[in-house]
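[1] Return a 3D structure for these sequence lines:
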Amino acid sequence: MKITVIIPIYNDEKAIKNLLTELKKFTEIDEIIISKATDDFKNISIMEKEYKKIKYKLLISPKSRAIQMNNAVKYSTSEILWFIHADSKFKNYDIDKKIKYFIENKICQCGGLKLKFYPNSILLSLIAFLSNLRAKIFKICFGDQSIFITKKLFNEINGFRDIPIMEDLQFFIDIKKHIKNKNYFKLLNYKIISSSRRFKKNGILKTIFRMHKLKIMYFKGIKPEKLNEIYNNMKDR
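    Residues are numbered from 1 along each chain as shown. Now for the predicted structure:
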């Protein structure tokens, strides 16, 4: 089985160069698709690109993380999809082999990695621990933990819902509703390193409080468009 890495970006050119350099260290990645959103979007287009001998496909897509990822899947040629945020880093470079092993041997159909923040702190380590515990118990990963899934299952649930926020949360809710096998999910014992800049910029406790507030509001049925408006106002304060 082949693996396609999909990376949604918006104004992340510098981060994407660092991530491409990271991805070069993996040996089982067959395809890389960068789904880029632009403010002056006109038409969907895809082209072959290369950065320091790292070949990838650049897809120009409308601005929306869910739409960007869904569009990239349409152009993917692999049976396994691995969604990664542009600012991610890794400590181990055999994760792709483990993903391939678990899926090929039908141990799981989707999952994610354990989260670690950089720069780190005691409080951020606690947040990461609780996030990993939540992922393991409730079988829900958010985008910063990276998400892997079979293309078959992705298509069966019609991919990410076209909503401006909480698309990753809803993604796993949809999987839970669709799938019958209890052993469909696997949180790999590998860490993905995510930037803590949003916590540092806005305050760790304040950021966590706001994020959980939005999740509670989402479960209460508040429309994603309204939540996105609240989220954008939070970022400006």
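[2] host element of Lys57?
    According to DSSP states H and E, Lys57 maps onto strand 54-61.
[3] How about residues contacting that strand?
    20-21, 23-24, 31-38, 41, 43-50, 67-68, 71-72, 75 (Cβ atoms under 8 Å, 6 or more residues apart in numbering). C-betas here are computed from N, CA, C, even on glycine.
[4] Also stretch 64-73?
    By Cβ under 8 Å, 6+ apart, stretch 64-73 touches 6, 8, 33, 35-37, 44, 59, 61-62, 81, 83, 143, 151, 154-155, 159-164, 167.
[5] Need the pLDDT of Tyr75.
    Tyr75 is assigned 97 on the pLDDT scale.
[6] what's near enough to touch it?
    Tyr75 sits next to Ile33, Ile46, Lys57, Leu59 when contact means Cβ under 8 Å, 6+ apart.
[7] Ile173 now?
    Contacts of Ile173 by Cβ under 8 Å, 6+ apart are Ile140.
[8] So it: helix, strand or coil?
    Secondary structure, DSSP: H, G, I helix; E, B strand; the rest coil: Ile173 is helix.
[9] ok, now how distant is it from Ile33?
    Relative to Ile33, Ile173 is positioned 25 Å away (Cβ to Cβ, to the nearest Å).
[10] helices or strands up against the strand or helix carrying Ser35?
    Ser35 is located in strand 31-37, with elements delineated by DSSP H and E. Contacts defined by 3 or more Cβ pairs under 8 Å, 6 or more residues apart in numbering; DSSP states H and E place strand 31-37 against strand 3-9, helix 13-23, strand 54-61, helix 65-75.
[11] For the strand holding Lys57, list every residue counted as buried.
    Neighbour counts over strand 54-61 (16 or more other Cβ atoms under 10 Å) mark Tyr56, Lys57, Leu58, Leu59, Ile60, Ser61 as buried.
[12] Tabulate those (JSON lines), appending pLDDT and distance to Met1.
    Shown next, in JSON lines, are the buried residues of strand 54-61 (pLDDT from 0 to 100; distance: Cβ to Cβ, whole Å):
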{"residue": "Tyr56", "pLDDT": "97", "distance to Met1": "20"}
{"residue": "Lys57", "pLDDT": "97", "distance to Met1": "19"}
{"residue": "Leu58", "pLDDT": "95", "distance to Met1": "24"}
{"residue": "Leu59", "pLDDT": "96", "distance to Met1": "22"}
{"residue": "Ile60", "pLDDT": "94", "distance to Met1": "28"}
{"residue": "Ser61", "pLDDT": "93", "distance to Met1": "25"}
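[13] Which single one of these is nearest to Lys116?
    Tyr56 (25.2 Å; Cβ to Cβ).
[14] Can you identify the strand in the protein that spans the most residues?
    Ranked by number of residues, the top strand in the chain under DSSP state E is strand 185-195.
[15] List the buried residues in that one.
    Those would be Phe185, Lys186, Leu187, Leu188, Tyr190, Lys191, Ile192, Ile193, Ser194, Ser195, for strand 185-195 by 16+ other Cβ under 10 Å.
[16] Just send those residues back as a markdown table, with pLDDT and distance to Gln109 too.
    As requested, the buried residues of strand 185-195 are exported to a markdown table (pLDDT from 0 to 100; distance: Cβ to Cβ, whole Å):
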| residue | pLDDT | distance to Gln109 |
| --- | --- | --- |
| Phe185 | 98 | 8 |
| Lys186 | 97 | 9 |
| Leu187 | 98 | 13 |
| Leu188 | 97 | 14 |
| Tyr190 | 97 | 18 |
| Lys191 | 96 | 22 |
| Ile192 | 97 | 19 |
| Ile193 | 96 | 25 |
| Ser194 | 94 | 24 |
| Ser195 | 90 | 29 |
